[in-house]
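[1] need a structure here:
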Amino acid sequence: MAWKNELYYGDNLTVLREQIKSATVDLVYLDPPFNSQSNYNIIFKSQSGHSSEAQIQAFEDTWHWSQEAEEEFDHVIKSGNTDCADLLRAFRSFLGENDVMAYLTMMAARLLELHRVLKPTGSIYLHCDPAASHYLKILLDAIFKGFFQNEIIWKRTSAHNSAKRWGPVHDVILFYSKSSDFKWNPVFEAYDKEYVDSFYRYKDEGGRLFQVGDLTGAGIRHGDSGGTWRGFNPTTKGRHWAPPRKFPGGEKLPKPTNEALDALDQLGRIYWPQSGGMPRFKRFLDDMKGIAAQDVIDDIAPLSAHGQERLGYPTQKPLTLMERIIEASSDAGDVVLDPFCGCGTTVHAAQKLGRSWIGIDVTHLAISLIERRLKDAFPGITFDVHGTPRDLDGARDLAIRDKYQFQWWSLSLIDAQPFAGKKKGADGGIDGLIYFKSDSKTTERAVVSVKGGDNVSVAMIRDLKGVIQREKAPIAVFMTLVPATKPMLAEAASAGFYTLEGRQYPRLQIITIEEALKGKKPAIPLVDLGAAFKKAAKEPTGNQSALDF
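    Next comes the predicted model:
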């Protein structure tokens, strides 16, 4: 049975324990919260000019010692990994029951599960900042016993002004394997300009850059390799002919004979000094793979605030960084897992490189963004999404468990952008926005109100009519988990119509969650679909067949 790529909404600890089998994953990359004591906002592409309306809290990176932390601590102690249990006890003795201890307990429980799901040939990359890396490295030492491979430094920004310390400009990526028999594919970085300018100082007739090297090797040999070729005999200098044996493209060349040297010359691979000196071998820059990747990554720039790749997610990493890691530690068809997948850069890179993948995130904002990103970048892609409501019962359950996750999920059904976040009283009766074009220059917005309870009434429709007037909105959408009553429908109809280019659109529209699950969308003029999450660039389709699992 073919692998089905999977995206999970939920707590990654629960998903790992209940859904991911042992020894099924080839590569884990995780970029967990750093315990920064900060809140992180998704920044949406705003068309209205109101920047305060264009962002919403994605997650709160603050941890507290609680009953849940106590339970997870107990679970790790009883896990059977005595090294990890002893270490966590030591941490608790040293740190006490504070926010840092809560964070480390949360990470220990998840790292134990990630070790379990990795294949013996698998690897894990944990991305963190220097404030937490020392604690996390000791945790990884306890769990991935003796298989530390690298501490990789990624220069994530060019400069950072700090009043009383060196500017913090890097993140840490800790690389561990599950065993000594782990997958490794050499990866290469491009040569920097200074190196190229220094060593590749020659050009052929076609403009290709090259450097020159010896055609000979040390020591005198008899036979063909020590003979005379075109008037040159290397034995006079205590050497012998020694051209490369594989070249170019990996094909084997004959032993160093006059015929082999003639063939190299015919290929334009031999440099003849104007001084008449010993011929040399041409090494073309475009034949070289580059320099082997090092543990300091400074050739992958961070994402700029307005960069083409930037989708608005607060902790988004460059696609090229993920590609380098995935290429180094997995093969085509391998399974890549990201348990904190955020906006989906890891699964995007995995899909692009022909790997299978699993992504997990705890917010519907992230899941919605990843779904849109993958469908934009890989038209026709198919994957399973778990944990999001599929029917009314699932929707009701989500509404009971988490009001805001229910709102964000409901809005994603009609391509609406979340509004205002979790601040009490901040929404003014608006839960979402849909931007659309009223002409070539003007962008309008429809306002959306979401109700997840069983008690809806005509008063709510009257309130939404008031929002239309207050916001000067041409259209409003009322999303409800239960069917609208006849008085509600009549009140909505009394709002009249918005007319554009001779077509009329009801100013106040009611859509039930059941209708939205079946694909119903609001009657709105041509929607600017890029107005919520920024649209991901479409990936080349040349080897698309290799990407769709």
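[2] So which residues of the stretch 101-250 of the chain form helices?
    With helices called from DSSP state H, counting those that start in this stretch, the stretch 101-250 of the chain shows them at 130-143, 193-199.
[3] Show me what the last one is in contact with.
    By that I understand helix 193-199. L209, Q211, L285, I291 (CB atoms under 8 Å, 6 or more residues apart in numbering). Any C-beta I mention is one placed from the backbone N, CA and C, and that applies to glycine too.
[4] again, only this time at 7 Å
    Q211, L285 (CB atoms under 7 Å, 6 or more residues apart in numbering).
[5] Count the neighbours of T257 for me.
    17 (other CB atoms under 10 Å).
[6] Just give the nearest non-adjacent residue to it, would you?
    In space, and not counting its chain neighbours, T257 is closest to D224: 4.4 Å by CB to CB, 6 or more residues apart in numbering.
[7] can you tell me which residues contact the one you found?
    By CB under 7 Å, 6+ apart, the contact list for D224 reads K255, P256, T257.
[8] And the last one, how close does it get to T228?
    The span separating T257 from T228 equals 12 Å under the rule CB to CB, to the nearest Å.
[9] Repeat that for I297.
    According to CB to CB, I297 and T228 sit 49 Å apart.
[10] And these two? Which one has more around it.
    Shown here are I297 and T228; by other CB under 10 Å, I297 has more neighbours (20 against 12).
[11] isn't that one right up against I152?
    Yes. Using CB atoms under 7 Å, I297 is in contact with I152, at 6.4 Å.
[12] What pairs with the longest strand along the chain, parallel or antiparallel?
    Taking DSSP state E as the criterion, the chain has its longest strand at strand 118-128. Strand 118-128 has the following strand partners under DSSP bridges: strand 25-30 (parallel), strand 170-177 (antiparallel).
[13] Mind exporting the C-alpha coordinates of the shortest one to PDB?
    What it means is strand 25-30. Taking Å, rounded to 0.1, in the frame of the first residue of the first chain, the C-alpha atoms of strand 25-30 are listed here in PDB:
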ATOM      1  CA  VAL A  25      10.300   7.500  10.700                       C
ATOM      2  CA  ASP A  26      13.600   8.200   8.900                       C
ATOM      3  CA  LEU A  27      14.200  11.800   9.900                       C
ATOM      4  CA  VAL A  28      12.800  14.100  12.600                       C
ATOM      5  CA  TYR A  29      13.200  17.900  12.400                       C
ATOM      6  CA  LEU A  30      11.700  19.900  15.200                       C
END
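[14] ranges for the strands of the stretch 101-250 of the chain?
    118-128, 148-155, 170-177, 188-189, 202-203, 209-213, 216-218, 239-241 (DSSP state E, counting those that start in this stretch).
[15] okay, the angle between the first one and helix 130-143?
    Spelled out, that is strand 118-128. Between strand 118-128 and helix 130-143, the angle comes out at 160 degrees (axes from the mean of the first three to the mean of the last three CA atoms, to 10 degrees).
[16] Give me the mean pLDDT for strand 118-128.
    Average pLDDT, strand 118-128: 97.
[17] now the fourth one
    Summarised as a single mean, pLDDT over strand 188-189 is 87.
[18] The nearest residue to D299 once chain neighbours are set aside and R283: what is the separation?
    Counting by CB to CB, 6+ apart, E189 is the residue found nearest to D299 once chain neighbours are left out, at 5.2 Å. Per CB to CB, E189 is found 18 Å from R283.
[19] Could you list the low-pLDDT ranges of the stretch 151-300 of the chain?
    For the stretch 151-300 of the chain, applying pLDDT under 70 flags the ranges 246-254.
[20] And the contacts of stretch 99-113?
    Under CB under 7 Å, 6+ apart, the answer for stretch 99-113 is 12-13, 16-17, 32, 35, 62-65, 69, 72-73, 75-76, 79, 81, 84, 88, 91-92, 95, 135-136, 139-140, 143, 339.
[21] In that stretch, which residues are buried?
    100-113 (16 or more other CB atoms under 10 Å).
[22] Kindly export it (C-alpha atoms) in CSV.
    Taking C-alpha atoms only, stretch 99-113 is exported to CSV below (Å, rounded to 0.1, in the frame of the first residue of the first chain):
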residue,chain,number,x,y,z
ASP,A,99,8.7,27.7,34.1
VAL,A,100,12.0,26.3,32.8
MET,A,101,11.4,23.0,34.5
ALA,A,102,7.9,22.8,33.0
TYR,A,103,9.5,23.4,29.5
LEU,A,104,12.1,20.8,30.0
THR,A,105,9.6,18.2,31.2
MET,A,106,7.4,18.9,28.2
MET,A,107,10.4,18.5,25.9
ALA,A,108,11.7,15.3,27.7
ALA,A,109,8.4,13.5,27.2
ARG,A,110,8.3,14.4,23.5
LEU,A,111,11.9,13.5,22.8
LEU,A,112,11.4,10.1,24.3
GLU,A,113,8.5,9.5,21.9
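[23] Show me how far it is from its chain's centre.
    22 Å (CA atoms, centre = their mean, to the nearest Å).
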